[in-house]
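>>> Take a look and give me a structure for this.
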Amino acid sequence: MESITTNWTREELKAYILLYCAHADFIETKEEVDYIKSKVSNVDYKKIHNEFEKDSDYESIQKIEYTIEKYNYTKKEIDSLFKRIKELFYIDDEFTAAEQSIFIGLKHLLREN
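Model prediction:
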């Protein structure tokens, strides 16, 4: 199988991760979109959203993992990403089982590298 890579900026990666998390329950709410757009530029959001819509779950995870490793994120940067992820998950005042699963999976994936 061909390896999956990206040419994303750090901001595009942030947009992608937040979109991935917003889709934990397969529903992208207006509040989630507004939150993501408050953290990244509209241009980055549109570009990444179009790409995200075409990706499988496997491709999403591979792209996130590749880009985190590519930029050699520090513990502080990863902690900052998780702060944004938690804020996104709590927008509706509910941390669902699907969201918890995504959170734990990303924690394992990103903090192991």
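>>> can we go C-alpha only for contacts and neighbour counts from here?
OK.
>>> Just give me the residue right at the centre of the protein.
I17 (0.8 Å; CA atoms, centre = their mean).
>>> mind listing what that residue touches?
I64 (CA atoms under 8 Å, 6 or more residues apart in numbering).
>>> Where does it sit, in terms of helix or strand?
helix 10-22 (DSSP states H and E).
>>> Only alpha carbons, please: show that helix as CSV.
Written as CSV, here are the backbone C-alpha positions of helix 10-22 (Å, rounded to 0.1, in the frame of the first residue of the first chain):
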residue,chain,number,x,y,z
ARG,A,10,0.5,23.6,11.0
GLU,A,11,-2.7,25.6,10.7
GLU,A,12,-4.1,23.2,8.1
LEU,A,13,-3.3,20.3,10.4
LYS,A,14,-5.1,21.9,13.3
ALA,A,15,-8.2,22.4,11.0
TYR,A,16,-8.1,18.8,9.9
ILE,A,17,-7.8,17.4,13.5
LEU,A,18,-10.7,19.6,14.6
LEU,A,19,-12.8,18.6,11.7
TYR,A,20,-12.0,14.9,12.4
CYS,A,21,-13.1,15.4,16.0
ALA,A,22,-16.3,17.3,14.9
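>>> list the buried ones in the next helix or strand after that helix?
Using DSSP H and E, the next helix or strand after helix 10-22 towards the C-terminus is helix 30-39. Within helix 30-39, the residues scored as buried using 16 or more other CA atoms under 10 Å are 32, 35-37.
>>> gap between helix 30-39 and the chain center?
Remark: helix 30-39 is offset 13 Å from the chain centroid, using CA atoms, centre = their mean, to the nearest Å.
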